[in-house]
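[1] coords please:
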Amino acid sequence: MSKLSTDDILTKDAHLIQSFANLDGLKQNDTRTAIVSAKGAYVTDSDGNELLDGIGGLWCVNVGHGRHEIIEAITKQLETLDYYSTFYNFTHPSAVLLAEKLASLAPGNLNRVYFSNSGSVANDTAIRMLHHYNNRLGRPKKKKILSRIGAYHGSTHLAMALTTPAYSDGWDTAAQGLVHHLRAPYAYREAGEMSEAEFLEVLADDMRATINDIGAENIAAFIAEPIMGAGGILVAPEGYHQRMRQITAEHDIKYIADEVVTAFGRLGHMFASEDVFGMVPDIITTAKGLTSGYQPLSATIISDEIYDVISEPGAMFLHGMTYSGHPAASAAALANIDILEREKIPQKVQVTGKVFENALRGLDDLDIVGDVRGSHFMMGVEFVKNKTTKEPFDDEVNIGLRIAQETQNRGLIARPLGNILILSPTLIMDENQIAQIEGTLRESIKAVAASLVG
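    Sure, this is the predicted structure:
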């Protein structure tokens with residue numbers, strides 16, 4: 001492909017629909033950035049500017065950009081077997097080896113793996129499996145799903161129903177009435193003067209009351225991200241996931257841990273559910289860091305108990321994706337996991353991730369920084385108009401976007417989300433790069449704050 005100028009790219013980009021974008025805004029006020037190359041923790045735009053990738057592509061480039069081991073694994077796989085499906089009675093080595101590897105890494109008895117090509121579809125798959133599971137057990141009414149305000153579980157028609165209603169404003173979802181959203185574990189906005197333990201009890205009471213209202217006999221599952229990502233980096237109170245697991249188990253409600261973001265090292269472990277939060281769910285969904293974004297691939301990892309029911313005689317598995325377990329995607333995941341293990345990246349994140357977390361928490365001394373939250377390489381900074389009252393900025397101010405534009409002008413890509421800025425960089429960040437991110441953020445926040453006063 002011949003090299004295109006920035007003007008060429010943006011002119012041709014008129015045919016491309018960007019995800020989660022203000023499409024009219026892009027037409028009226030062009031703020032698009034064309035990324036043309038990447039290496040390590042950096043990307044380069046079409047004007048030659050090198051930018052620290054503070055969002056890891058989109059939560060996903062865990063081992064960094066341009067890893068030849070993954071590129072070579074994909075190439076070698078394509079040269080050997082470019083494509084074959086895992087439909088009917090067909091299988092192939094790379095999907096088999098990857099499924100075996102994931103079963104060995106997943107906690108408890110989560111030993112069965114279904115592959116798809118996105119986190120959205122992985123979550124759709126989990127719901128479809130559990131609906132079929134309950135049909136097989138003669139419980140056709142046990143279908144409703146508990147999610148949470150602030151959750152993000154994907155953008156397909158069903159996954160969007162699982163996601164917080166704010167993300168479907170003006171849009172329909174496929175499952176009106178199927179999903180019930182529990183109270184958000186948003187301590188900064190919801191806990192008030194409560195202690196962490198008291199807030200946990202409020203959230204537990206909310207779940208118990210909802211189960212009582214709906215009836216446990218009608219509820220199939222509770223789905224939860226270990227740390228809520230696109231809802232604003234919401235960290236639940238200590239012991240939350242253990243408590244919710246206990247309550248759901250008491251009512252025979254399955255627990256789906258959406259580890260699309262948190263798996264494969266972002267919190268310092270291959271999977272966060274057990275190693276970080278002390279509980280083993282019935283299903284784990286994962287994507288993003290599974291291949292570090294080098295190929296589109298996701299996995300729905302289910303317990304032996306669920307598998308035994310849906311694989312009973314006469315239980316036809318009527319669910320399938322053309323690209324499930326794609327050979328090249330599976331090869332990419334195997335090479336990616338090999339890098340994570342060989343270079344001990346999750347173990348390093350246990351150290352560098354805390355350095356990053358503590359560096360960002362230091363931004364709390366700035367006047368418009370209301371809250372800094374998250375863990376390791378999954379952090380959010382919430383901006384407020386008044387630090388004492390926690391009064392948010394008006395939407396028209398676009399505070400997150402303005403600060404993100406300022407950081408990009410200074411060489412750092414950060415993700416704006418209303419009044420929040422999200423940072424989810426590659427996991428190979430060193431302390432110098434961490435210091436660069438903190439310094440850039442500090443300068444950018446101060447510059448925008450000064451412009452608001454002026």
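
[2] buried sites along whichever strand in the chain runs longest?
    When every strand of the chain is counted residue by residue (DSSP state E), the longest turns out to be strand 378-386. Buried residues in strand 378-386, counted by 16 or more other CB atoms under 10 Å: Met378, Met379, Gly380, Val381, Glu382, Phe383, Val384, Lys385. Where C-beta positions appear, they are placed from N, C-alpha and C, glycine not excepted.

[3] can you check stretch 410-429 too?
    Buried positions in stretch 410-429, judged by neighbour count with 16+ other CB under 10 Å: 410, 412-429.

[4] circling back: and the helix or strand following the longest strand of the chain, what other elements does it pack with?
    Next along the chain after strand 378-386, taking DSSP states H and E as the criterion, comes strand 391-392. Secondary-structure packing of strand 391-392 (3 or more CB pairs under 8 Å, 6 or more residues apart in numbering; DSSP states H and E): strand 378-386.

[5] other SSEs contacting the strand it packs on?
    helix 345-361, strand 369-375, strand 391-392, helix 399-409, strand 420-423, helix 431-453.

[6] quick one: mean pLDDT for it?
    Mean pLDDT, strand 378-386: 98.

[7] list the contacts of that strand.
    59, 188, 227, 229, 232-233, 261-262, 266-267, 356-357, 360, 363, 368-374, 390-394, 399-400, 403, 417, 419-424, 441, 445 (CB atoms under 8 Å, 6 or more residues apart in numbering).

[8] please name the residues that touch Gln408.
    Shown in contact with Gln408 (CB under 8 Å, 6+ apart): Thr33, Leu51, Ala414.

[9] quick check, Ala359 in contact with Gly439.
    No. Using CB atoms under 8 Å, Ala359 is not in contact with Gly439; the gap is 9.2 Å.

[10] can you tell me the SS state at Ala166?
    Following DSSP: H, G, I helix; E, B strand; the rest coil, the label given to Ala166 is helix.

[11] okay, now it: neighbour count?
    12 (other CB atoms under 10 Å).

[12] out of Ala359 and Gly439, which sits in the busier spot?
    Remark: of Ala359 and Gly439, Ala359 carries more neighbours, 19 against 13, as counted by other CB under 10 Å.

[13] Leu421 bridge partners, please.
    When bridges are called by DSSP bridges, Leu421 pairs up with Val381, Pro416.

[14] need the contact list for Asn109.
    Ser303, Asp304, Glu305.

[15] 6 Å instead?
    Asn109 makes contact with Ser303, Asp304, according to CB atoms under 6 Å, 6 or more residues apart in numbering.

[16] next: Ala34.
    Here Ala34 is in contact with Ile9, Ser46 (criterion: CB under 6 Å, 6+ apart).

[17] in the chain, where is pLDDT below threshold?
    Low-confidence segments of the chain, defined by pLDDT under 70: 1-2, 29, 454.

[18] residues making contact with stretch 145-159?
    In contact with stretch 145-159 (CB under 6 Å, 6+ apart) are residues 119-120, 123-124, 162-164, 174-175, 179-182, 184, 221-223, 228-231, 234, 258.

[19] switch the cut-off to 7 Å
    Residues outside stretch 145-159 that contact it (CB atoms under 7 Å, 6 or more residues apart in numbering): 119-121, 123-124, 127, 160, 162-164, 167, 173-175, 178-184, 186, 210, 219-225, 228-232, 234, 258.

[20] now swap in stretch 286-300 and tell me
    Counting by CB under 7 Å, 6+ apart, residues outside stretch 286-300 touching it are 57, 59-63, 70, 74, 102, 113-119, 121-122, 125-126, 259-261, 263-266, 283, 285, 328-329, 332-333, 336.

[21] from the residues you listed, which ones fall inside strands?
    Val113, Tyr114, Phe115, Ser116, Ile283, Thr285.

[22] if I look at Gly380, how far off is Asp371?
    Distance, Gly380 to Asp371, using CB to CB, to the nearest Å: 8 Å.

[23] next up, phi/psi of Gly411, please.
    Dihedral angles phi and psi of Gly411 (degrees, to the nearest 10) take the values phi 100, psi 20.

[24] try Glu343
    Torsion angles, degrees, to the nearest 10, at Glu343: phi -90, psi 0.

[25] again, but for Gly229
    The phi/psi pair for Gly229 (degrees, to the nearest 10) reads phi -90, psi -80.

[26] over to the one 10 residues further on?
    For Gly239, the backbone dihedrals (degrees, to the nearest 10) come out as phi 90, psi 0.

[27] my guess is it meets Leu200, correct?
    Yes. Between Gly239 and Leu200 there is a contact under CB atoms under 7 Å: 6.1 Å.

[28] which of the two has more residues huddled nearby?
    A count of neighbours by other CB under 10 Å puts Leu200 above the other of Gly239 and Leu200, at 22 against 16.

[29] that one is in what secondary structure piece?
    Per DSSP H and E: helix 196-214 holds Leu200.

[30] mind giving me the packing neighbours of that helix?
    In terms of contacts (3 or more CB pairs under 7 Å, 6 or more residues apart in numbering; DSSP states H and E), helix 196-214 is packed against strand 179-182, helix 240-250.

[31] what distance separates it from the centre of its chain?
    The chain centroid and the centroid of helix 196-214 are separated by 25 Å under CA atoms, centre = their mean, to the nearest Å.

[32] that one versus helix 240-250: what angle between them?
    30 degrees (axes from the mean of the first three to the mean of the last three CA atoms, to 10 degrees).

[33] list the buried residues in helix 196-214.
    With burial defined by 16+ other CB under 10 Å, the residues of helix 196-214 counted as buried are Phe199, Leu200, Leu203, Ala204, Met207, Thr210, Ile211.
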